[in-house]
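# sequence? don't have it. structure:
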């Protein structure tokens, strides 16, 4: 089974929080770090987020407004709650592929037919499974994906070891709070021998943030 090369990208605080306890995340990292992160998009065929990110931030998921190249946008949306007014639906900048479950009605899917660059792919299961989605994306020619989702999406990839590298932008601030918005909040490692192992490839200071590129251990 062939899978795309997966890069997980995250901006976080020094204590590995992606947002405050009330969900505020704009902006944890500096503008210089965010600009560098946008450059990562140029090196990937696709960019993936969950529907929660689309609803909360309405991102365009573009390299920038003037770029001649933008990666295909991939949205994981179990119940098809992506708004018809979202940028990834209406801006006509680049194709958006929205994965939905078999709980979504044909009538609801048909609402998106008016948008030429939106493709709905329905998975024959009540929940979206990465093991079914990633091979489909590879067959579509999307051989590299930058994952920019929230903690749930990131944890799903980490739990299943479906990533090749992790790119972290760390801002020197402490947020605290519970685990809801922690980078690895979805993991539950009882023994150190079972922890996810990474190899540090690169460390770089960008403005006041630290950029860490870590490879998944083989």
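Arrived safely. None of the values given here were measured: they were computed from a predicted structure.
# Walk me through the domains of the chain.
Domain ranges of the chain: 1-45+143-218, 48-142, per automatic domain parsing.
# Report the mean per-residue pLDDT for the last one.
It refers to domain 48-142. Across domain 48-142, pLDDT averages out at 92.
# Quick one: distance of it to the chain centre.
12 Å (C-alpha atoms, centre = their mean, to the nearest Å).
# and what of stretch 165-178?
16 Å.
# which non-adjacent residue is nearest residue 87?
Nearest non-adjacent residue to residue 87, counting by C-beta to C-beta, 6 or more residues apart in numbering: residue 60, 4.5 Å away. In this view, the C-beta of every residue, glycine as well, is placed from N, C-alpha and C.
# now residue 11
If the residues on either side of it in the chain are set aside, residue 11 comes closest to residue 29, at 4.0 Å by C-beta to C-beta, 6+ apart.
# which secondary structure element contains the residue nearest to residue 87?
Assigned by DSSP states H and E, residue 60 falls within no helix or strand.
# Could you pull up the contacting residues of residue 44?
Contacts for residue 44 were tallied using C-beta atoms under 8 Å, 6 or more residues apart in numbering; they are 7, 71, 144-146.
# Among the residues you listed, give me the pair with the biggest separation.
Spatial extent of the contacts of residue 44 (C-beta to C-beta) is set by the pair 7 and 71 at 11.1 Å.
# list the residues that contact both of these two?
Common neighbours of residue 7 and residue 71 (C-beta under 8 Å, 6+ apart) are 44, 146.
# secondary structure class for residue 188?
What DSSP: H, G, I helix; E, B strand; the rest coil gives for residue 188 is coil.
# Tell me how many other residues surround it.
9 (other C-beta atoms under 10 Å).
# Repeat that for residue 160.
12.
# For the chain, just list every one of the strands.
5-13, 46-50, 72-76, 96-100, 118-122, 144-147, 165-171, 198-206, 209-216 (DSSP state E).
# Which neighbouring elements make contact with the fourth one?
The reference is to strand 96-100. Contact here means 3 or more C-beta pairs under 8 Å, 6 or more residues apart in numbering; DSSP states H and E; on that basis strand 96-100 packs against strand 72-76, strand 118-122.
# Great, nothing more from me.
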